[in-house]
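1. Sequence and predicted model, in that order:
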Amino acid sequence: MFAYIVRRILYSVPILIGVNVLTFSLFFIVNSPDNMARSQLGEKHVTKETIENWKKEQGYDKPLFINVEEEGLASLTETIFFNKSIKLFMFEFGQSESGRDITNDVAQRMWPSLALALPTFVVGIWVNICVALMVIMFRGTPLDRGAVIIFVAMMSISYLFYIIGGQYLVAKTWRLVPISGFDLSAQMWRFLILPVVVGVVSGIGSGARLYRTFFIEEADKDYVRTAKAKGLSEVAILFHHILPNALIPILTGVVVVIPALFMGSLLMESFFGIPGLGSYMLDAIDSQDFAIVRSMVFIGSVLYILGLLLTDLSYTWADPRVRLN
Amino acid sequence: MPEVTFLDKNRQPVTADSEDLVYSRYLIRVNSQAHYQPHPAFAKDEKGNPLYLFDSEQLSEDFNTIADFKVTGSRPVHANDFIYQIKRLADPKLKSPMLGVMAQYIVGLSDLSKTLADVPRDNWVDLNDYSMEGLELIDERTFAITIYNRYPQFSYWLTMHFFAPIPPEADRFYHNPGFKQKNLTLDWYPIGSGAYMMTQNNPNSEIVLERNPNFRPDFFPSEGEPGDREKGFLNDAGKRLPFVDKAVFRLEKEVLPRWGKFLQGYYDRSGEHQSNTKNFFDQAFVVGDDGLELTPDLRSHELTLSRSVKPRVQYIAFNMRDPVVGGYSEKARKLRRALSIAYVEENYISIFHKGNALAAQGPIPPGITGYFEGEKGINPYVFDWVGGEAKRKSLGAARKLLAEAGYPNGRDANTGKPLKLYFDVQSQVAKTNSVLNWQRRQFESLGIQVEFRSTDWNRHREKLLSGNAQIFSHGWLADYPDPENFFILFYGPQSPLVCKCEGTNDPNYENAEFDRLFRRMREMPEGAERNTIVAKMVEMIRRDNVWLSAYHVFEYYLNNPWVYNTKRHGIAQNNLKYVRIEPKQRNEKIKQWNQPVIWPLVVGGVLVAAVFVPVFNAYRRRQKMKINH
């Protein structure tokens, strides 16, 4: 397995380079270093010299990919791409265009993101599995069909509707919890309960429906009939037999997102005023802060690759027959 | 106020109107009671040495935020601190956006910048070690700045934040090893001597200002504008400032939470809003018999409203170098005038701003020299003065002008082809279809076709810099209340095509006489002679019809009933120290307004039970079911 993990890590290097090239190209198709300078310095009273000085100090005064004024390897290394990208692979993110240390910012902001994403994820999975198993229990009955209709309806409703509706009803009209805000203290739960509930409820439709499909596939298999014949209760059959056997497809969709929980949610953080990494990324795009954008995309890519690797490893845990080689 | 003297090339005094005038010298005396906020940069050990100076990152690893420094100190503000800050403007490492502009005025700033560019940066660079020609330290409380020529508006610049004093101790403190990696920097933890000090700076979440215990004695004014006393704005006259101990500014990106929390009383003030702010404004105001009114719901909240007109103008401009709409021939002027008459800005304001803006009669907004109310203030090329009010000229007059311009009924008189114009809009501004449709109809009223070209801000800016936009919209907020700051939008050398720079003259207006008058009025002190020149310049802009249309927006602040002294200022932003809060009233109202509604929880519980009990019963029945043979 060790060799497999090393091989997968080595595979990730060209993927990360590719992601980096793509991010870099897309960003600079839309923004030029001059645009970035204007964005940071403001529109008024900015002279050409000031812009040139900003570019020089920030390292944006070089060519993007190839420096024709240099010879040999320097024609590749004396470029914006090389200077801005190579340190990413050493996890040195440097400073944002506004002068803040990105590593420090990420380290601070990942906790609010995690505080929201982790309970939403854990409770969401648990609720979805329970609801799907409950529906399976009544497979083929009007209850099952009604539940599927409700799932599809819930899937069809925009995520924004859940957020705005939740804020309007629960927080504004009924005044049960704060509308928005965040506090890294004992009072944190007061601010998190609504976004977590909204996140869980909005995910029930798609999650429970998907898991129901996985469980139905298992419910028709021989071992389930045998369990029933042995006289096991339906709850025991569902939780002790069907659920473990349906774990592989569930893990495929679930484990991959675990590392990315750190990255936060753009919409949730924006609406609920949570100063996490989701809003960090959004603000960086707004202010054309390439240093943050490239760092966040890089971190996102690394976490996604890590998620895929963990998914593969989780298969060996869920099904001892699986061997990674 | 600074004491201004004028000097010749040999630095000998001359009169203000002397032709030998080469420099202006601003003598500034620092308030003897000004004292810095408590700050660790001033903390000292028993021997009087700075307490928090470290040789390595390891020694400073226990300090991650400014609150981790338990010992603080303070000292009076010195004249050298102002000098130090001006030198910081010159430092290319700090990338000050004001360096380019200020270097045009302050003697020696540019030279110092060149010197500092070559200084090695391994450690902190003490700017006291570098002299600058235009700066003189006279004594601990007095210094002088010398600028080129005469520039009365320099006094306005001196009030801006980038001239605030910076103690060298603070600069050195923030250059401790490892501080930058922890975001312990001067720009994120500023130091000052004002009424408040920033104790938390997290723009993505909240910024906290707390009362500066060392703030100099400052008192609420006893005089105000006419009507201020009657409105209760002077009730606190003579009282020591500031009133509020702590002010928290929270970032709310979305309208619903912001508005909801304001109405629940968790925010004292609403923040600034314009009448085209979606949702927020619509929920707060209705147009009643007497104009804009708060909705009945808000009236019961006893909210108060603060309105201000900033020295600001939103405008739609012609590119004066465009072959169709640009140029200075009488025909070109007539075409532009026809379009200006047909573009009924008052309707736009009525529909999209609920009437809360003012159609501009020229480039200068209310409150600035050169703006006039009444007949004297109207743009005679677009409006007539009828029955005591400005009335837009008729569409017939616009059609006549259009025909005289060579486009009868919107068609080229020579080719017969319809006149088609191109209007550049920024996609970020997110103009709604209703706005674009309304604008299209204004052009169509003259039989002119218009095509909107939507681009993002970067492309839009590039088009303006390269002169490739035909008609475009833009805005300008003045830096200081002087007509010069609006005329610079038309000053020839500020055209991006002329200066090859980020010029302010986006329409690329060129008028040698206007430029001459601009240079003259810029150097003149306020007075009748200057006002005459200002009036002439306004007339030139109107005659040449550089802008298709323009308006000045009213801005609103809503205040909860426990907030007092809420009067707004169009330019000054440092009015927090005047605001007073009644915390007892606030606590009572918050409690009263936020009683939780419990019944939905009960109903929810009953509903869940209504679903799960039958399900559970069905499950039990199935478990007990027996197979019958």
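-> That came through, no problem.
2. Isn't B:Ala164 up against B:Gly192?
-> Yes: using C-beta atoms under 8 Å, B:Ala164 is in contact with B:Gly192, at 6.2 Å. No exception for glycine: its C-beta is placed from N, CA and C like everyone else's.
3. neighbour-wise, which of these two wins?
-> B:Gly192 (21 against 16; other C-beta atoms under 10 Å in any protein chain shown).
4. give me the number of residues near B:Asp118?
-> 7.
5. Model confidence for it, exactly?
-> Listed pLDDT for B:Asp118 reads 91.
6. contacting residues around stretch B:85-92?
-> Under the contact criterion C-beta atoms under 8 Å, 6 or more residues apart in numbering or on different chains, stretch B:85-92 has outside partners A:53, A:56-57, B:94, B:96, B:98-99, B:102-103, B:106, B:109-110, B:112-113, B:116-117, B:125, B:127, B:130, B:132, B:135, B:145, B:162-166, B:171.
7. Likewise for stretch B:15-26?
-> The contact list for stretch B:15-26 (C-beta under 8 Å, 6+ apart) reads B:2-9, B:11, B:14, B:107, B:144-151, B:154-155, B:158, B:525.
8. what about stretch B:492-507 and chain A, touching?
-> Yes: shown here: stretch B:492-507 in contact with chain A (C-beta under 8 Å from any C-beta of the partner chain) through B:500-502, B:504.
9. Relative to the whole chain's centre, how far out is that stretch?
-> 22 Å (C-alpha atoms, centre = their mean, to the nearest Å).
10. what stretches of the chain score poorly on pLDDT?
-> Defaulting to chain A. Counting by pLDDT under 70, chain A shows low-confidence ranges at A:324-325.
11. not quite, I wanted chain B
-> Along chain B, the model assigns pLDDT under 70 to residues B:273-282, B:289-292, B:427-431, B:627-629.
12. show me the biggest helix of it in terms of residues.
-> Ranked by residue count under DSSP state H, the longest helix found in chain B is helix B:599-624.
13. which helices and strands sit right next to that helix?
-> If you count contacts as 3 or more C-beta pairs under 8 Å, 6 or more residues apart in numbering or on different chains; DSSP states H and E, helix B:599-624 packs onto helix A:234-237.
14. What residues sit buried inside stretch B:136-152?
-> Applying a neighbour-count criterion of 16 or more other C-beta atoms under 10 Å in any protein chain shown, one finds B:136-137, B:141, B:143-147, B:150-152 buried in stretch B:136-152.
15. just to revisit the earlier point, can you lay out the residues of stretch B:492-507 next to chain A as a markdown table showing secondary structure and neighbour count?
-> As requested, the residues of stretch B:492-507 next to chain A are exported to a markdown table (DSSP: H, G, I helix; E, B strand; the rest coil; neighbours: other C-beta atoms under 10 Å in any protein chain shown):
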| residue | secondary structure | neighbour count |
| --- | --- | --- |
| B:Lys500 | coil | 10 |
| B:Cys501 | coil | 18 |
| B:Glu502 | coil | 24 |
| B:Thr504 | coil | 21 |
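16. Go through those and say which is closest to A:Ala37.
-> Closest to A:Ala37 out of the residues of stretch B:492-507 next to chain A is B:Glu502 (9.7 Å), distances taken as C-beta to C-beta.
17. how about the residues of the stretch 101-250 of chain B near chain A?
-> Residues of the stretch 101-250 of chain B lying close to chain A (C-beta under 8 Å from any C-beta) are B:101, B:180-183, B:185, B:187-188, B:202, B:204-205, B:250.
18. From these, pick the one nearest B:Arg461.
-> Nearest to B:Arg461 among those, counting by C-beta to C-beta, is B:Val101 at 18.5 Å.
19. Could you name the helices and strands sitting against the strand or helix carrying the closest one?
-> B:Val101 belongs to helix B:99-103 when assigned by DSSP states H and E. When contacts are defined as 3+ C-beta pairs under 8 Å, 6+ apart, helix B:99-103 packs onto helix A:48-58, helix B:79-90, helix B:109-117.
20. Which of those helices sits closest to A:Leu169?
-> helix A:48-58 (46.8 Å).
21. and after that closest one, which helix or strand comes next?
-> Immediately after helix A:48-58, counting by DSSP H and E, sits helix A:74-77.
22. What sits closest to B:Pro525 if chain neighbours are left out?
-> Distance criterion C-beta to C-beta, 6 or more residues apart in numbering or on different chains; nearest residue to B:Pro525, sequence neighbours excluded, is B:Pro152 at 5.4 Å.
23. ok, now which ones touch that neighbour?
-> So B:Pro152 contacts B:523-526 (C-beta under 8 Å, 6+ apart).
24. what about B:Gly106, distance to B:Pro168?
-> Gly isn't right for residue B:106; it's Ile. Distance of B:Ile106 to B:Pro168, computed by C-beta to C-beta, to the nearest Å: 19 Å.
25. about what we covered before: filter the contacts of stretch B:15-26 down to the ones in strands?
-> Secondary structure from DSSP state E places B:3-7, B:14, B:144-148 of the contacts of stretch B:15-26 in strands.
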